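A.B. asks: 3D model of this:
(2 chains)
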Amino acid sequence: RKEVEQDPGPFNVPEGATVAFNCTYSNSASQSFFWYRQDCRKEPKLLMSVYSSGNEDGRFTAQLNRASQYISLLIRDSKLSDSATYLCVVNILGYGGATNKLIFGTGTLLAVQP
Amino acid sequence: AAGVIQSPRHLIKEKRETATLKCYPIPRHDTVYWYQQGPGQDPQFLISFYEKMQSDKGSIPDRFSAQQFSDYHSELNMSSLELGDSALYFCASSVRGRGETQYFGPGTRLLVL
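C.D. replies: Residues are numbered from 1 along each chain as shown, chains lettered A, B, ... in the order given. Prediction:
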């Protein structure tokens, strides 16, 4: 079982739709939580960090439930440019607490159709 | 703003050859991470360095080694290459602290024939 599990994709949605991605993680030592976006054959790019209080960045809203070990991402008013793979990522503290490593989910492919 | 630089961007090698990948972190970032992303897979953590010392190790084969130099750049050395080593290799950098954001370089695409 993977440490970070995401909804299987692909998600095919029309422009303007609202789409939600879910993710669960198994390591209770996870420190920080993120959504990254990855375009085909490109590097992962940070979309947003995720906090227990919930946070919003324009059309994107992320939520963390530590008790359930559950993370979500909501995209409103989808644009064609939102088409990408969305990676749910948790940060595990490394040795001595000085650094950390990212554990990625398998990603969910979003295809926004015109 | 300056980003993480990786070189080369593309590399073709034959089985049993060696390869060296280079990573130049964002200025003033003191921590470097290496990740491997196979075809259709998510990135897997390989190894990280903080202030030139190895700080954590993931699923890195014994055939691979890495180091961070005094100017904070890092090199990933891969020997006895196998077909299964064909992948995208990403370097990321961050500033020390708990939960700090990691910024990824554009990656090196390695193809082993």
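A.B. asks: Next up, phi/psi of the nearest residue to residue A:81 once chain neighbours are set aside, please.
C.D. replies: The shortest distance from residue A:81 to any non-neighbouring residue, by Cβ to Cβ, 6 or more residues apart in numbering or on different chains, is to residue A:112 (7.9 Å). Quick note: C-beta positions are derived from backbone N, CA and C, even for glycine. Note on residue A:112: its backbone torsions stand at phi -90, psi 120 [degrees, to the nearest 10].
A.B. asks: I figured residue A:112 hits residue A:86, correct?
C.D. replies: No: using Cβ atoms under 8 Å, residue A:112 is not in contact with residue A:86, being 11.9 Å away.
A.B. asks: Point out where chain B drops to low pLDDT.
C.D. replies: Applying pLDDT under 70 to chain B flags residues B:97-99.
A.B. asks: hmm, try it at 80
C.D. replies: B:1, B:96-100 (pLDDT under 80).
A.B. asks: At the geometric centre of it, which residue do we find?
C.D. replies: residue B:34 (3.3 Å; Cα atoms, centre = their mean).
A.B. asks: on that earlier part again, ok, residue A:112 and residue A:86, which is more surrounded?
C.D. replies: residue A:86 (25 against 20; other Cβ atoms under 10 Å in any protein chain shown).
A.B. asks: picking that back up, name the residues linked to the residue nearest to residue A:81 by a beta bridge.
C.D. replies: Beta-bridge partners recorded for residue A:112 (DSSP bridges): residue A:13.
A.B. asks: what separates it from residue A:79, distance-wise?
C.D. replies: 6 Å (Cβ to Cβ, to the nearest Å).
A.B. asks: if we look at the helix or strand of chain A with the lowest mean pLDDT, which residues are touching it?
C.D. replies: Scoring the helices and strands of chain A by mean pLDDT, DSSP states H and E places strand A:100-104 at the bottom, with a mean of 87. Residues outside strand A:100-104 that contact it (Cβ atoms under 8 Å, 6 or more residues apart in numbering or on different chains) are A:3-4, A:25, A:27, A:30-32, A:34, A:36, A:44, A:87-94, B:33, B:35, B:42-45, B:48, B:56, B:58, B:92, B:98-100, B:102.
A.B. asks: what lines up beside it in the sheet?
C.D. replies: Strand A:100-104 has its sheet partners listed here by DSSP bridges as strand A:84-93 (antiparallel).
A.B. asks: Not counting its neighbours along the chain, what's nearest residue A:75?
C.D. replies: residue A:19 (5.1 Å).
A.B. asks: coming back round to it: and for residue A:112 and residue A:79, which residues touch both?
C.D. replies: residue A:15.
A.B. asks: Tell me how many other residues surround residue 45.
C.D. replies: With no chain named, the answer covers chain A. Neighbours around residue A:45, by other Cβ under 10 Å: 13.
A.B. asks: The chain in question should be chain B.
C.D. replies: 22.
A.B. asks: Likewise for residue B:1?
C.D. replies: 5.
A.B. asks: Next: the one 4 residues further on.
C.D. replies: One way to gauge burial is a neighbour count; for residue B:5, by other Cβ under 10 Å, it gives 16.
A.B. asks: That one pairs with what?
C.D. replies: Here residue B:5, judged by DSSP bridges, has bridge partners residue B:24.
A.B. asks: That one and residue A:8, how far apart?
C.D. replies: 35 Å.
A.B. asks: May I have the beta-bridge partners of residue 93?
C.D. replies: In the absence of a named chain, chain A is used. residue A:100.
A.B. asks: not what I meant, chain B
C.D. replies: Per DSSP bridges, the residues bridged to residue B:93 are residue B:32, residue B:103.
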